[in-house]
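Peer 1: Pasting the sequence and the predicted coordinates here, then a few questions.
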Amino acid sequence: MTEPGHGPAVPTRLTVLAGPTAVGKGSVSADIRTRHPEVWISISATTRRPRPGEQDGVHYWFVSDAEFDRMIEADELLEWAVVHRAARYGTPRAPVQEALAAGRPALLEIDLQGARQVHAAMPDALMVFLAPPSWEELVRRLVGRGTENDEERERRLATARQELAAETEFDVTIVNTEIHDAAEELVALMVGPAGPS
């Protein structure tokens, strides 16, 4: 391990947080955003319309389909996907590179499809899987939202089963029993000592 102040500065490692639908990725990253301003959290670009209370540049970058097409063509997205057969979401590349170059701990909170794309583009990224305490708890959280009809809920549960099976593709698993605990565990991984454990 290199002593501080010796040798060239090593760019910060990107951390990717992914997991099944309704596992609480957004809640964990919101907790980090509130309590850990030193952690840079990526803001996704999306073609969907803003929901009430959402602000451009805070929650998402809201862009037109034409602008999203331009971003893909110009290779400005680290990853992108069509989510729930509707809107497109993607991670702008430049802000991620700027945060890493500045030495800030950087976090992407994305879906499994996006996580695989980022891992292909940046194989040294730390891949963190957020898991539910149990399948029953994941179903309870998904049903408890009350935002999906029966057909949509069944589709999401089927997707969640496939997403849970991808856990072995990740470097680390954090079980989201309690949001703040999971957030603190993730921040400790991001800002802890570098190098082999």
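Peer 2: Yep, that arrived.
Peer 1: CA atoms for contacts and neighbours, from now on please.
Peer 2: Noted.
Peer 1: where does the protein dip in pLDDT?
Peer 2: Counting by pLDDT under 70, the low-confidence segments of the chain come to 1-11, 84, 145-148, 192-197.
Peer 1: So in it, which helix runs the longest?
Peer 2: Among the elements of the chain assigned as helix by DSSP state H, the one spanning the most residues is helix 150-164.
Peer 1: Now for the nearest residue to residue 157 once chain neighbours are set aside, which secondary structure element holds it?
Peer 2: Of all residues beyond its chain neighbours, the one nearest residue 157 is residue 139 (7.3 Å), with distances taken as C-alpha to C-alpha, 6 or more residues apart in numbering. Residue 139 is part of helix 135-145 when elements are defined by DSSP states H and E.
Peer 1: Can you tell me the SS state at residue 50?
Peer 2: Three-state assignment for residue 50 (DSSP: H, G, I helix; E, B strand; the rest coil): coil.
Peer 1: That one: neighbouring residues, count only.
Peer 2: Neighbour count for residue 50, taken as other C-alpha atoms under 10 Å: 14.
Peer 1: now the strands for the chain?
Peer 2: For the chain, the strands identified by DSSP state E occupy 14-18, 40-41, 45-46, 61-62, 77-82, 88-92, 106-109, 126-131, 172-175, in order along the chain.
Peer 1: The fifth one pairs with which strands?
Peer 2: Partners of strand 77-82 in the sheet, by DSSP bridges, are strand 88-92 (antiparallel).
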